[in-house]
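take this sequence and fold it.
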Amino acid sequence: MTHLNVASRIARAALPLLAALALTACKNDQSGSDGASPGKPSASNPGANAAPQISGSPATTAKVSQPYDFTPQASDANGDTLRFEIAGRPSWATFNPNTGRLYGTPPAGATGTFAGITISVTDGQATASLPAFSIAVTESTGTGSAQLSWSKPTTNTDGTQLTDLAGYRIYYGRLPDAPSEKLQIASPDTTSASIDGLSSGTWYFSIATYTTSGVESERTRPVWTSI
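As a prediction, the model looks like this:
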């Protein structure tokens with residue numbers, strides 16, 4: 001097993017995009033129109049319900065004996081309690097109706113394409129859905145593995161405390177600037193991961209953080225290893 005430590009890079013990578021997010025929010029605050037948006041509460045229409053919003057790009061590939069993990073981002077302008085639903089859930093995966101998280105490890109014999117997966121969110125009155133997607137599960141052809149570790153970022157670029165960290169995304173592949181694989185870790189307190197089933201050759205790894213609102217940081221510089 002190869003151990004790759006990216007502790008000195010992850011904190012710096014998480015911060016520039018958080019600053020950009022703050023600037024974008026300020027700009028949006030100044031560019032709103034005077035009229036109320038259709039379907040959103042306003043002084044003249046305080047009881048209107050705004051449909052929830054959902055976003056995210058689930059990975060469409062998975063490998064036997066390697067974890068798959070995806071959590072969509074959702075919000076509601078009214079602040080209503082949201083509930084998630086799924087159609088076409090793969091038999092090897094678990095779904096959390098409170099967060100929309102779809103995760104699991106395909107076992108041996110689970111190869112094939114699991115199509116027609118749809119994740120939706122509802123506020124009890126209106127529903128929004130991600131586009132239907134498929135997950136193609138293939139055999140793990142390699143026997144090598146890499147262990148990555150990093151440090152949890154704690155501050156924003158302006159020195160304020162980082163409070164909305166949601167997790168990490170590890171990108172890896174045979175080319176340093178064009179990763180072919182992605183592993184999402186939906187836990188802000190996790191600081192290590194093992195990637196198994198790597199075939200012989202050189203592999204490159206980088207990592208990014210993402211917030212509870214779905215904003216992803218820049219990736220770290222790739223680290224690499226030969227299997």
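
number of nearby residues for the residue nearest to Ser226 when sequence neighbours are not counted?
Nearest-residue entry for Ser226: Thr202, 5.0 Å, with adjacent residues in sequence omitted and distances by C-beta to C-beta, 6 or more residues apart in numbering. For glycine as for every other residue, the C-beta is placed from the backbone atoms N, C-alpha and C. Look at Thr202: counted by other C-beta atoms under 10 Å, it has 11 neighbours.

next one: Pro153
18.

any idea how far Thr212 is from Trp203?
30 Å (C-beta to C-beta, to the nearest Å).

with Thr118 instead?
Where Trp203 is concerned, Thr118 sits at a distance of 33 Å (C-beta to C-beta).

and the helices in this protein?
7-30 (DSSP state H).

where does pLDDT dip in it?
1-47, 157 (pLDDT under 70).

so Gln66 sits right up against Gly104, yeah?
No - counting by C-beta atoms under 8 Å, Gln66 does not reach Gly104; the two are 10.5 Å apart.

give me the number of residues near the nearest residue to Thr143 once chain neighbours are set aside?
The shortest distance from Thr143 to any non-neighbouring residue, by C-beta to C-beta, 6+ apart, is to Gly197 (7.4 Å). Residues within reach of Gly197, counting by other C-beta under 10 Å, total 16.

Asp196 too?
16.

my read: it touches Ser140, true?
Yes - using C-beta under 8 Å, Asp196 is in contact with Ser140, at 7.0 Å.

what is in contact with those two at once?
Jointly contacting Asp196 and Ser140 under the rule C-beta atoms under 8 Å, 6 or more residues apart in numbering are Ser65, Gln66.

tell me which of Thr118 and Trp203 has more neighbours.
Trp203 (26 against 14).

residues in contact with the residue nearest to Ser226?
By C-beta under 8 Å, 6+ apart, the neighbours of Thr202 are Arg174, Trp224, Thr225, Ser226, Ile227.

before we move on, what about Thr127?
Ala51, Pro52, Ser120, Val121.

same question for Thr143.
So Thr143 contacts Gly197, Leu198, Ser199 (C-beta under 8 Å, 6+ apart).

give me that answer again for 10 Å
Contact analysis of Thr143 by C-beta atoms under 10 Å, 6 or more residues apart in numbering lists Asp196, Gly197, Leu198, Ser199, Ser200, Ile227.

could you find the closest non-adjacent residue to Arg101?
Thr71 is the one closest to Arg101 (C-beta to C-beta, 6+ apart), at 4.3 Å.

who's in contact with that neighbour?
56, 58, 84, 96, 99-103, 119, 166-167, 184-186, 210, 212, 214.

distance of the residue lying closest to Pro67 once chain neighbours are set aside from Ser217?
Distances taken as C-beta to C-beta, 6+ apart place Thr105 nearest to Pro67, at 5.0 Å, with adjacent residues excluded. Distance, Thr105 to Ser217, using C-beta to C-beta: 26 Å.

quick one, which of the two is more surrounded?
Neighbours per residue (other C-beta under 10 Å) separate Thr105 from Ser217, with Ser217 holding more: 25 against 16.
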